[in-house]
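Novice: Here is my input; please provide its structure:
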Amino acid sequence: MPRKGTHTPLDPQGDPNDPHGWHALTELFLEWMGIQNYSPRTIHGRRTYLKYFIAWSIERGLTRPAEITKPILERYQRHLFHHRKRDGEPMSVRGQHARLVPVRAFFKWAARANHILYNPASEIDLPRLDHRLPKHILNTTEVEKLLQLCDTNLTTDPSGLGLRDRAILETFYSTGMRRSELMNLKLHDIDPERGTLFIRQGKGRKDRMVPVGDRALAWITRYRDDIRPSYAREPDDGTLFLTNLYEPFTPNRLTQLVRNYIKAAELGKSGSCHLLRHTCATLMLENGADIRFIQQLLGHAELTTTQIYTQVSIQKLKQVHTACHPSASLEKPTARKTQKPEPKPEPPPP
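Specialist: Numbering: from 1, shown residues only. Now for the predicted structure:
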């Protein structure tokens with residue numbers, strides 16, 4: 001999905017009356033994605049990024065997908081590379097990659113469905129993505145400082161929103177779940193007896209069960225029983241965490257809530273919901289958790305995605321380095337002591 005502040009071309013794209021034009025084939029492509037059970041979020045993203053390419057093509061007189069060739073796609077790829085945003089900065093590699101993936105998927109579908117004679121994108125190479133480490137990770141002291149910022153005293157905060165915020169932060173920290181997964185939690189997804197949360201339709205439309213710590217579960221239960229009834233309105237769909245507007249959180253609203261607490265904690269580190277996800281995984285790894293258990297907890301499809309935390313978790317590597325590297329065990333150099341010269345004997349009196 002495009003970030004807040006980015007420009008999205010307006011509908012319609014191309015001639016809606018042309019059965020071989022952009023408009024008709026794009027709608028067929030998106031309908032096919034729905035039939036194939038792609039998530040609404042993925043379909044929305046594909047629609048958004050396809051619009052950029054279609055607008056670029058129409059500006060150059062290319063009104064049908066059949067008119068697109070490999071050199072034209074390579075030209076579009078160069079256009080993305082040289083494009084400058086409103087602030088003058090170039091488009092990130094990930095931004096270029098995000099705009100090219102839907103284009104390649106569209107032409108692959110169009111060729112297979114015989115809407116075009118061949119796939120001009122079959123030999124297009126996507127830009128190589130950087131494998132970056134998380135910029136910041138919190139330690140246990142910093143996490144506790146963050147959590148203590150929530151006003152959970154109903155005398156000083158009768159609205160109970162501070163208690164709700166504590167439950168949200170504790171859930172992120174304990175389970176490492178994604179922002180969208182927390183937003184979609186329902187009341188019946190909590191199992192206090194087993195100490196678990198059921199995540200429905202996570203990334204890749206996959207369900208999973210995750211453990212939740214006793215402390216986080218206690219805050220969730222307290223919020224559910226004492227605070228949520230004041231913000232629930234009929235018809236109540238059972239969404240666990242509600243805003244002061246009596247509705248489920250939107251992505252931007254939840255991001256801003258967590259970011260405000262991290263900023264108020266004055267930790268010298270920035271981030272939002274994903275910062276707590278990274279922190280959960282890293283601290284568990286440093287405390288001896290197996291990487292495959294962390295993979296299951298985070299809901300990663302590939303172990304290679306989880307292995308990034310083995311690079312972030314430097315504590316064990318530092319212990320091995322101290323134990324095995326020759327220079328790590330040497331004594332620190334000490335300042336050389338200078339000996340004072342012995343005083344010369346005084347000459348005998350005449």
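
Novice: for residue 80, what are its contacts?
Specialist: Counting by Cβ atoms under 8 Å, 6 or more residues apart in numbering, residue 80 makes contact with 91, 95-96, 99-100. Where C-beta positions appear, they are placed from N, C-alpha and C, glycine not excepted.

Novice: hmm, 7 Å instead?
Specialist: Contact analysis of residue 80 by Cβ atoms under 7 Å, 6 or more residues apart in numbering lists 91, 96, 99.

Novice: pretty sure it is in a helix, no?
Specialist: Yes - looking at residue 80 with DSSP: H, G, I helix; E, B strand; the rest coil, it is inside a helix.

Novice: Against residue 202, how distant is the residue nearest to the spatial centre of the chain?
Specialist: Against the mean C-alpha coordinate of the chain, by Cα atoms, centre = their mean, the closest residue is residue 274 at 5.1 Å. Separation of residue 274 from residue 202 (Cβ to Cβ, to the nearest Å): 14 Å.

Novice: Same question for residue 285.
Specialist: Distance from residue 285 to residue 202, by Cβ to Cβ: 21 Å.

Novice: domain parsing for the chain?
Specialist: 22-112, 140-312 (automatic domain parsing).

Novice: Endpoint to endpoint, the shortest one covers what distance?
Specialist: Its first and final residues considered, domain 22-112 spans 17 Å by Cα to Cα, to the nearest Å.

Novice: Checking residue 198 next. Helix, strand or coil?
Specialist: From three-state DSSP, the assignment for residue 198 is strand.

Novice: Identify the residues contacting it.
Specialist: Applying Cβ under 7 Å, 6+ apart, the residues near residue 198 are 189, 209.

Novice: State the distance from it to residue 31.
Specialist: For residue 198 relative to residue 31 (Cβ to Cβ), the value is 31 Å.

Novice: now residue 122
Specialist: 23 Å.

Novice: now swap in residue 23 and tell me
Specialist: Counting by Cβ to Cβ, the gap from residue 23 to residue 31 is 13 Å.

Novice: neighbour count winner among these two?
Specialist: Legend: neighbour count by other Cβ atoms under 10 Å for residue 23 and residue 31, higher for residue 23 (18 against 11).

Novice: Surely the more buried one is in contact with residue 29?
Specialist: No - counting by Cβ atoms under 7 Å, residue 23 does not reach residue 29; the two are 11.0 Å apart.

Novice: Quick one: name whatever helix or strand follows the host helix or strand of residue 76.
Specialist: Residue 76 is part of helix 70-82 when elements are defined by DSSP states H and E. Under the assignment DSSP H and E, the closest C-terminal helix or strand after helix 70-82 is helix 93-112.

Novice: and the following helix or strand past that following helix, which residues are buried?
Specialist: Next along the chain after helix 93-112, taking DSSP H and E as the criterion, comes helix 140-147. Across helix 140-147, burial judged by 16 or more other Cβ atoms under 10 Å covers 142-143, 146-147.
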